[in-house]
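**Q** Got a predicted model here, sequence first, then my questions.
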Protein chains: 2
Amino acid sequence: MQRRLAACLTMTMTILSSSAKSNQRRQTVLEAAVSCFARKGLYGTTTHEIAERAGISQPYVYRLFPDKPSLFASSVEFVSDLMATTLAEKLSEAAASVNSPENLQAAAHSAYTDFVVESDVMRFLMQANCATDEPIVANAVRACYAKQVMVVSEHIRSDEAVRQWFGDGMLENVVASLGLADINEPWARTLSGGLTRS
Amino acid sequence: MQRRLAACLTMTMTILSSSAKSNQRRQTVLEAAVSCFARKGLYGTTTHEIAERAGISQPYVYRLFPDKPSLFASSVEFVSDLMATTLAEKLSEAAASVNSPENLQAAAHSAYTDFVVESDVMRFLMQANCATDEPIVANAVRACYAKQVMVVSEHIRSDEAVRQWFGDGMLENVVASLGLADINEPWARTLSGGLTRS
DNA sequence: CTAGTTATTGATTGATCACTAACTACAGAT
DNA sequence: ATCTGTAGTTAGTGATCAATCAATAACTAG
């Protein structure tokens, strides 16, 4: 956190305060940013929308973050940390209550699902994958994957299984964001994995 | 094609010509649009960029398509058709030259990879998944998945295997768009599946 | 040759948006 | 009381962009 801040300072020469209160504000802005970016991505979201949701004026966003791509990248770091800790926790729980490897993988899958579905995190991560034309975002996304792979690999040892875990998650993201669980057609049932929303 | 055109007419009351020449132009614009949208998505791409790449003036885009979201949705239909035919072809080839089900799945996987990697199609599809806040885009994306699932299910009978095929493809998309094959760190190797670019 | 249609463009506009500048309010510290 | 720094605002600017319009060029049919 402090490291990134310092980097911003040297890069942009913008003076960003780092008091306790401003860091707290930064966090509320990041939460708002994740929700807004989740819907329309980096370019489709206005800083005004984010400010409004965070309950501050739009220009004040620029006192807290140097520019929009940096705000987006910081949002990626934010959910990256959140996801890593949540995942580590859930995976440890799952590992404790389950012994066979297949069951662990199933538990790992539901660990992701519980965290990500019905929140903005999922859609935001999809948006992040798409905003990698902006180099600062690409780096944040790579770092995010690095962290998640390290957490998951801690519990699922086979590379192949880890890869499948990520692939499953990505498919699930798409299925959820398209609302396929509510579509009663063969192709939708196939992609949903037979599960229908109650 | 004609159906969609009629829909546009009734929806927007814009008169869109449908002569041979204008349909050909439309296709040129769609190819350009896929390339441009692939990089910065629906909101990050300007109609001017697309027009420039297609070799026409920006206002003329609006004689061929009613508005930007419609152009994006038409682009989705365009790659949907392209992908479906290419995929059907490659899968038939693979099915002819291979007999065991596991080998078929491997062949199916490389069918997708060959088509999608190193072209703009992959990134464009990721962008399409993210632009579903726009209802017209969401419908086009759903129709695209319906079509691809139907094509793939023709050759891979198990729903679970089809799902895995899509999951694999999505992970591969991300790996390719982040250039992980060129990163020599454990997490990147894990996600890349051990493959390095030569 | 003429009348009508289609293809295509340059110029413009109204709105939006990222970002800046300049100000206010208030909290200690001296 | 005054200085100083921090939190936050209102007001403003320049640039950009989707979408429109009016006009022209290039066909096509009789």
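**A** In hand now; what should we look at?
**Q** where's A:A131 relative to DNA strand D, distance?
**A** To DNA strand D, A:A131 is 16 Å away according to Cβ to the nearest atom of the strand, to the nearest Å. (Glycine included, C-beta is placed from N, CA and C.)
**Q** And for that residue, the neighbour number?
**A** 26 (other Cβ atoms under 10 Å in any protein chain shown).
**Q** Could you pull up the residues touching it?
**A** Residues in contact with A:A131 (Cβ atoms under 8 Å, 6 or more residues apart in numbering or on different chains) are A:41-43, A:72, A:137, A:141, B:41.
**Q** again, 6 Å this time
**A** A:42, A:137 (Cβ atoms under 6 Å, 6 or more residues apart in numbering or on different chains).
**Q** How about A:L180?
**A** Residues near A:L180 by Cβ under 6 Å, 6+ apart: A:188, A:191-192.
**Q** What about A:S110, how many residues nearby?
**A** 11.
**Q** How about chain A: which residue is closest to DNA strand C?
**A** A:P59 (3.1 Å; Cβ to the nearest atom of the strand).
**Q** quick one: what helix or strand has that residue in it?
**A** Using DSSP states H and E, A:P59 falls within helix A:58-64.
**Q** residues of that helix that come out buried?
**A** A:61, A:63-64 (16 or more other Cβ atoms under 10 Å in any protein chain shown).
**Q** Now do the SS call for A:S18.
**A** The assignment at A:S18 comes out as coil when based on DSSP: H, G, I helix; E, B strand; the rest coil.
**Q** Report pLDDT for it.
**A** Per-residue pLDDT puts A:S18 at 80.
**Q** Check A:Q148 too.
**A** Here the pLDDT value assigned to A:Q148 is 97.
**Q** what's the neighbour count on it?
**A** By other Cβ under 10 Å, 23 other residues sit near A:Q148.
**Q** Please identify the buried residues of the helix or strand where it lies?
**A** Assigned by DSSP H and E, A:Q148 belongs to helix A:135-155. The neighbour-count check on helix A:135-155 (16+ other Cβ under 10 Å) flags A:136-138, A:140-142, A:144-149, A:151-153, A:155 as buried.
**Q** as a whole number, average confidence for the longest helix along chain A?
**A** Longest helix of chain A, by residue count under DSSP state H: helix A:68-97. Across helix A:68-97, the average pLDDT comes to 92.
**Q** Same check on stretch A:133-144?
**A** pLDDT averaged over stretch A:133-144 gives 97.
**Q** quick one: is that stretch near chain B?
**A** Yes: using Cβ under 6 Å from any Cβ of the partner chain, stretch A:133-144 comes into contact with chain B via A:133, A:142.
**Q** Dump that stretch to CSV, restricted to CA.
**A** What follows is stretch A:133-144, C-alpha atoms only, in CSV (Å, rounded to 0.1, in the frame of the first residue of the first chain):
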residue,chain,number,x,y,z
ASP,A,133,-4.6,-2.5,-22.8
GLU,A,134,-3.7,0.0,-20.1
PRO,A,135,-0.3,-1.2,-18.9
ILE,A,136,-0.8,-0.2,-15.3
VAL,A,137,-3.9,-2.3,-15.2
ALA,A,138,-2.2,-5.2,-16.9
ASN,A,139,0.5,-5.3,-14.2
ALA,A,140,-2.1,-5.2,-11.5
VAL,A,141,-4.0,-8.0,-13.1
ARG,A,142,-0.9,-10.1,-13.5
ALA,A,143,-0.1,-9.5,-9.8
CYS,A,144,-3.6,-10.5,-8.9
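**Q** what does it contact?
**A** Taking Cβ under 6 Å, 6+ apart as the rule, stretch A:133-144 contacts A:69, A:72-73, A:76-77, A:80, A:128, A:131-132, B:39-40, B:178.
**Q** Would you mark the buried spots in stretch A:89-97?
**A** A:90-91, A:94-95.
**Q** circling back: distance-wise, check the residue of chain A closest to DNA strand C relative to DNA strand D.
**A** A:P59 is 4 Å from DNA strand D, by Cβ to the nearest atom of the strand.
**Q** repeat for A:I50
**A** Applying Cβ to the nearest atom of the strand, the value for A:I50 to DNA strand D is 12 Å.
**Q** residue contacts, A:M126?
**A** Counting by Cβ under 6 Å, 6+ apart, A:M126 has contacts A:173, B:130.
**Q** related to what we said a few turns ago, for the residue of chain A closest to DNA strand C, what are its contacts?
**A** The contact partners of A:P59, by Cβ under 6 Å, 6+ apart, come to none.
**Q** Low-confidence ranges, chain A, go.
**A** A:1-15, A:101, A:194-198 (pLDDT under 70).
**Q** and chain A, which residues reach DNA strand C?
**A** A:14, A:45-48, A:58-59, A:62, A:67-68 (Cβ under 7 Å from any atom of the strand).
**Q** Filter those residues down to the buried ones.
**A** By 16+ other Cβ under 10 Å, those give A:45, A:47, A:67-68 as buried.
**Q** which two in the residues you listed are spaced the farthest apart?
**A** Maximum pairwise distance among these (Cβ to Cβ): 13.5 Å, between A:T45 and A:D67.
**Q** my guess is A:V34 meets A:M122, correct?
**A** No: between A:V34 and A:M122 there is no contact under Cβ atoms under 6 Å: 10.6 Å.
**Q** near chain B at all, stretch A:34-49?
**A** Yes: contact between stretch A:34-49 and chain B is present through A:39-41, A:43-44 (criterion: Cβ under 6 Å from any Cβ).
**Q** Which positions in chain A make contact with DNA strand D?
**A** Checking chain A against DNA strand D by Cβ under 7 Å from any atom of the strand, the hits are A:17, A:19, A:21-22, A:25, A:56-60, A:63.
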